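> Test case, fold it:
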Amino acid sequence: MEQLTGQDATFLYLESPRMPMHIGSINIYDQQTAPGGAVRFKQILELIESRLHRARAFRQRLVQVPMALDYPYWIQDPNFDLEFHVRHIALPKPGDWRQLCIQAARLHARQLDVSRPLWEFYIIEGLHNVAGLPPDSYALLAKIHHSAIDGATGAEITAALHDLGPEGTVVAPDRTWVAEQPPTALELLVRTYGNNIRQPFKLLKVLSHAVPVVAETRRRLQRHELKSAGEVPKTIFNAPVSAHRVFEGRDFDLADIKTVRRALPGATINDAVLAICGGAIRSYLLARSALPPESLVAMAPVNVRVDNEKGAGGNQVSALAVAIRTDIPDPLERLAAVHAHTRDAKELSNAYGARLMTDINKHIPAATLALAGRLVTQMGLGNMISPLFNCVITNVPGPQVPLYMNGARLVTQYGLGPVGDSIGLFIPVLSYDGRLTISFTSCREIMPDPERFAACIEEAFADMLSAARRTLGEEALPAATTWDGHADNMAAAAPDQSSGSNWNP
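A predicted model of the protein is given here:
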């Protein structure tokens, strides 16, 4: 039995029917590379069952402490049923990209069953009319609760299910799996008594180190030795959310992103992605007459997991607040400004200490966190205060070699994330095998036209790449067309408009 940390438990306390707190991905596979050119659902079940030992999240379920007096616990579920978690569905005709996005949004909007291990896989057949995809491709949509994983551990689960070649490998468990019986309420309360005696002393110890660090950092901010992201404007994304979701995404050549990076000495791929997202958001808000004069600020999760915490599950993340310069129309000027702001955000994070907030959060009393969660989900506290940021942009680097599952080659990946009151836009960025995807999750009431925002991402990418090529003296190419042919429909999806984890440098 293992207790959740305060950071992990926070995602449970924020859970509600309007705000499910799971993260997800869509993996798309070409089964032509599999033996016989086809993969059966039974084979997928058998492979997942053979790999359960490679990720602890698969068979662990929650045990709640009475009255939320302490953080919940994970136990190895004695009633684990693989076929409950892995489901088989098909897209309705015509089986195109739009149908996949609609189905993904509907599935992602549903809460996970907290009485079982907090994950679900959907094998989705019927991708018959997605331009650029091999015929008879299928998708795996994954949902895993944020209390169980962050972006880094999500990447570990991806690695656990895949092989480096179509032939596959057999990985035997190093020990026998043992189920655990749930503890009684009395046993939990006894543990709670001891924890609640120790917890204040642990919190005081952390605060004794934190207070002087925070005070000195504030003095440096006042002396302008450090810079913050600035005032956060309230936007259409900082509004209450409904229980309905939208999803869309686009796929790009990673080499083109690297071309953009080369246009500005010292810039990173992350800087380029942030600047592209800033341009997309700028275009989208301009079209809706909702662009504030101040730059929007993105929250970029940062992986603070150290070597001895790899494979531990849960969350080990801090965050940067980065101005994505939606106030700058020129792509390369925006890239330069974002690069400067990212550098400032890292310096500010280092001054505070990257693990400061995670260390404090570990020792806040569970009852306090649970109360805060109820204030956010039931009383709308998030909508009563000024926003801390406008959106989340998280970058999860993946392997740059092909991966296979049951012999079927993984073609591409898209991310899905949680949204909540005043945090109505989540943009995951995934890279894999020479490609990079930018996708997004939002609330249907906040963003009723996801195809328009996806087109804005393509437009911002094309503008940035064109400007970078001119700066580098390379031949300008026409607007980039992604692998799935979405660029062909860009003009129809968006009107003319002016020009938009783990965050590792």
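> tell me which residues of stretch 388-408 are tucked away?
389-398, 402-408 (16 or more other Cβ atoms under 10 Å). From N, CA and C alone the C-beta is placed, and that goes for glycine too.
> same question, stretch 232-250
Applying 16+ other Cβ under 10 Å to stretch 232-250 flags 232-233, 235-241, 245-250 as buried.
> Likewise for stretch 116-129?
116-128.
> List the ones among the buried residues of stretch 232-250 that fall in strands.
245, 246, 247, 248, 249, 250 (DSSP state E).
> quick check, nearest of the residues you listed to residue 132?
Minimum distance to residue 132 across those is 11.8 Å, recorded for residue 250 (Cβ to Cβ).
> who does the closest one bridge with?
Note on residue 250: beta-bridge partners by DSSP bridges are residue 438.
> so it sits right up against residue 451, yeah?
No. Judged on Cβ atoms under 8 Å, residue 250 makes no contact with residue 451 at a distance of 10.8 Å.
> any idea how far residue 238 is from the residue of the chain positioned farthest from its centre?
In the chain, the residue that sits farthest from the middle, by Cα atoms, centre = their mean, is residue 186; the gap is 37.3 Å. If you measure residue 186 against residue 238 using Cβ to Cβ, to the nearest Å, the figure is 45 Å.
> what do you get for residue 197?
The separation that residue 197 has from residue 238, given Cβ to Cβ, amounts to 40 Å.
> swap in residue 386?
Applying Cβ to Cβ, the value for residue 386 to residue 238 is 9 Å.
> Residue 62 now?
In this view, residue 62 and residue 238 are 31 Å apart by Cβ to Cβ.
> before we move on, back to that, let me know the pLDDT of the residue farthest from the centre of the chain.
With respect to pLDDT, residue 186 scores 96.
> Which positions in stretch 177-195 come out as buried?
180, 182, 183, 188, 191, 192, 195.
> Give the full set of residues in contact with the residue nearest to the fourth one when sequence neighbours are not counted.
If I follow you right, that is residue 188. Leaving aside its chain neighbours, residue 188 sits nearest to residue 65 (5.0 Å; criterion: Cβ to Cβ, 6 or more residues apart in numbering). Residue 65 sits next to 71, 72, 73, 188, 189, 192, 366 when contact means Cβ atoms under 8 Å, 6 or more residues apart in numbering.
> which one among those gets closest to residue 108?
Nearest to residue 108 out of the contacts of residue 65 is residue 72 (Cβ to Cβ; 23.2 Å).
> Report pLDDT for the closest one.
Looking at residue 72, its pLDDT reads 96.
> Does it touch residue 66 like I think?
No. Residue 72 lies out of contact with residue 66 (Cβ under 8 Å); the separation is 10.9 Å.
> So for the two, which residue has more residues nearby?
Using other Cβ atoms under 10 Å, the more surrounded residue of residue 72 and residue 66 is residue 72, with 21 against 11.
> possible to save the buried residues of stretch 177-195 as a markdown table with distance to residue 78 and secondary structure?
Shown next, in a markdown table, are the buried residues of stretch 177-195 (distance: Cβ to Cβ, whole Å; DSSP: H, G, I helix; E, B strand; the rest coil):
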| residue | distance to residue 78 | secondary structure |
| --- | --- | --- |
| 180 | 7 | coil |
| 182 | 8 | coil |
| 183 | 12 | coil |
| 188 | 17 | helix |
| 191 | 20 | helix |
| 192 | 23 | helix |
| 195 | 24 | helix |
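> Mind putting these into CSV with distance to residue 139?
Formatted as CSV, the buried residues of stretch 177-195 follow (distance: Cβ to Cβ, whole Å):
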residue, distance to residue 139
180, 33
182, 35
183, 39
188, 40
191, 42
192, 43
195, 42
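> Point out the least confident one among those.
Within the buried residues of stretch 177-195, lowest confidence goes to residue 195 (86).
> nearest spatial neighbour of it, skipping sequence neighbours?
Nearest non-adjacent residue to residue 195, counting by Cβ to Cβ, 6+ apart: residue 70, 5.4 Å away.
> Burial check on the one you found, number of neighbours?
Using other Cβ under 10 Å, residue 70 has 25 other residues around it.
> Residue numbering should commence at 15 henceforth.
Will do, 15 is the new start, and the previous item becomes residue 84.
> How about the secondary structure of it?
Under DSSP: H, G, I helix; E, B strand; the rest coil, residue 84 falls in the coil class.
> Now for it: which residues touch it?
By Cβ under 8 Å, 6+ apart, the contact set of residue 84 is 17, 202, 205, 206, 209, 210, 380.
> 6 Å - rerun?
Neighbouring residues of residue 84 by Cβ atoms under 6 Å, 6 or more residues apart in numbering: 206, 209, 380.
> now residue 433
Taking Cβ under 6 Å, 6+ apart, one finds 255, 440, 455, 457 in contact with residue 433.
> Check residue 130 too.
residue 75.
> quick one: low-confidence ranges for the stretch 115-264 of the chain?
Along the stretch 115-264 of the chain, segments meeting pLDDT under 70 span 165-167, 227-228, 231, 235, 238-243.
> Count the neighbours of residue 483 for me.
That count, for residue 483 with other Cβ under 10 Å as the rule, works out to 17.
> nearest residue to residue 260 other than its sequence neighbours?
residue 464 (4.2 Å).
> Now do the one you found, the pLDDT please.
Looking at residue 464, its pLDDT is 98.
> what's the answer for the one 5 residues further on, then?
pLDDT recorded at residue 469 is 98.
> Same check on residue 402?
At residue 402, the model reports a pLDDT of 89.
> quick one: it and residue 151, what's the gap?
From residue 402 to residue 151 the distance is 40 Å (Cβ to Cβ).
> close enough to count as contact, residue 315 and residue 407?
No. Using Cβ atoms under 6 Å as the test, residue 315 is too far from residue 407 to be in contact (8.8 Å).
> Now for residue 407: which residues touch it?
Contacts for residue 407 (Cβ under 6 Å, 6+ apart) come out as 291, 312, 314, 441.
> Return the closest of those residues with respect to residue 475.
Using Cβ to Cβ, residue 291 comes nearest to residue 475 of those, at 9.7 Å.
> Need the residues that contact whichever strand or helix holds that closest one.
For residue 291, the host element (DSSP states H and E) is helix 283-301. Contacting residues not belonging to helix 283-301 are listed as 271, 274-275, 305, 338-340, 348-349, 352-353, 356, 407, 409, 441, 443, 467, 470-471, 474-475, 478, 511, 513-514, 517 [Cβ under 6 Å, 6+ apart].
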